[in-house]
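**Q** Okay, here's the prediction I keep looking at, along with the sequence it came from:
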Amino acid sequence: MSTGPGNVYNLKPGDHVAFLSASSYAEYTAAPAIRTHVIPSSLKPGIAAAALLQGLTALTLIREAYHVQPNDWVLVHAAAGGVGLLLCQLLRAVGAKVIGTASTGEKLELAKKNGADYVINYKSEDLLAKVKELTGGQGVMVVYDSTGKDQFENDLEVVARKGTIVSYGNSVSLPSSRRSLKY
């Protein structure tokens, strides 16, 4: 990194920085200092870039896709994934009641440590019954689903009347023999 004249943000040549813009995937780009953040030396640049993008995604989901309010019941699929963990943290901060799903005990524990109030192993537990039990039969105000078709039918069953299902960044599990998707 190099800096131009009028550097009032104390950026120094050689600093590792994160910057998000339309041209941020370029090998070189001019970045306004006000939107440039120094990455602590203890954090790997790849981690910082992922956290910036995943954090922005999570923030957009809880403030724009559905504006989460305190005490809203929220279901987060893949709660131990990159965006899922950040969602759990942000949702706890705004006072939502968070139900996280994952496929293993280790992932469920990670989701709980990061803000999920309740966790459900979707492989070994009855997701529908558990969500209905937790919410007193009302369902959740919003479902954040990055799994795609795997949970879509369940999402329709657990979302509250006039609730919202947000499908984003869908993961796809394909057998190793399949090379392409057919719709």
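**A** That came through, no problem.
**Q** In the chain, which strand is the longest?
**A** strand 159-167 (DSSP state E).
**Q** residues making contact with it?
**A** For strand 159-167, the external contacting residues (CB atoms under 8 Å, 6 or more residues apart in numbering) are 61, 65-66, 73, 135, 138-146, 148, 152, 155-156. C-beta here means a position set from N, CA and C on the backbone, and glycine is covered the same way.
**Q** filter those residues to the buried ones?
**A** Those of those that meet the buried threshold are 61, 65-66, 73, 135, 139-146, 155, by 16 or more other CB atoms under 10 Å.
**Q** lowest-confidence helix or strand of this structure?
**A** Using mean pLDDT, DSSP states H and E, strand 17-18 stands out as the lowest-scoring helix or strand of the chain, at a mean of 82.
**Q** Break down the protein into its strands, ranges please.
**A** Going by DSSP E, the chain shows strands at 17-18, 37-38, 73-76, 97-102, 118-121, 140-145, 159-167.
**Q** Present those strands as TSV; the columns should include distance to residue 2.
**A** As requested, these are exported to TSV (distance: least, CB to CB, whole Å):
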stretch	distance to residue 2
strand 17-18	11
strand 37-38	14
strand 73-76	41
strand 97-102	43
strand 118-121	47
strand 140-145	40
strand 159-167	40
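**Q** residues contacting residue 66?
**A** With contacts defined as CB under 8 Å, 6+ apart, residue 66 is in contact with 141-142, 164, 166.
**Q** Please determine how far the spatially most central residue of the chain is located from residue 55.
**A** When the chain is reduced to its mean C-alpha position, the closest residue under CA atoms, centre = their mean turns out to be residue 83, at 2.1 Å. From residue 83 across to residue 55, the span is 9 Å (CB to CB, to the nearest Å).
**Q** Let me see the contact set for the closest residue to residue 104 other than its chain neighbours.
**A** Counting by CB to CB, 6 or more residues apart in numbering, residue 121 is the residue found nearest to residue 104 once chain neighbours are left out, at 7.3 Å. By CB under 8 Å, 6+ apart, the contact list for residue 121 reads 101-105, 108.
**Q** and which of these is nearest to residue 43?
**A** Nearest to residue 43 among those: residue 102, at 25.0 Å, using CB to CB.
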